[in-house]
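> Provide a 3D model corresponding to the input given below.
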Amino acid sequence: SLGHALLTPFVTVKVAGALDGTVSVEAFQVSQQCMAMVAEEALEIGPNPSTCQVNETFTAIQEGKASKTVENSFFLTVVPIVQHTSELFVAQFPRLNRDLDD
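As a prediction, this is how the structure comes out:
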C-alpha cells in the first residue's frame, strides 16, 4: 500500500524494454498544484506537447519571472514502486519442475 503517497486519483506507469532484455518500470502522477490549476482553468493545451499554456488571465511564476508556458515535467511527481513477491495468481506447477532459463 502506498498510503499517503497517492496525491491524485490517476497514476501513469511507463514500462519499457531494452535490447538486452531488461525492463524498466516508472510511475508518475500530476501534482496537487497542477490539479488545482486545471480546476481553476489556469492551464490550457498549447501547440507544444511538452508544455502547458497559462491562461491569459493568470500568471505563472518560474524562477522569479512571469511565464506564459510551464514545462509538463514541472507538474509530475514520481510514485515509488514497491517490489514484492506474491504467491497469489502464480501457476500451480511445482517450481522445482520448471525449466531454468539459460
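
> and Q33, helix, strand or coil?
Following DSSP: H, G, I helix; E, B strand; the rest coil, Q33 is assigned to helix.

> Show me where the chain dips below the pLDDT cut-off.
Scanning the chain for pLDDT under 70 picks out the ranges 1-9, 84-102.

> Repeat the analysis, applying 80 as the threshold.
Low-confidence segments of the chain, defined by pLDDT under 80, span residues 1-9, 82-102.

> in it, which strand has the most residues?
Taking DSSP state E as the criterion, the chain has its longest strand at strand 23-30.

> what packs against it?
For strand 23-30, the elements it packs on are strand 12-17, strand 76-79, judged by 3 or more CB pairs under 8 Å, 6 or more residues apart in numbering; DSSP states H and E. In this view, the C-beta of every residue, glycine as well, is placed from N, C-alpha and C.

> and it, which strands flank it?
strand 12-17 (antiparallel), strand 76-79 (antiparallel) (DSSP bridges).

> residues of the shortest one that come out buried?
Translated: strand 76-79. By neighbour count with 16 or more other CB atoms under 10 Å, strand 76-79 contains the buried residues T77, V79.
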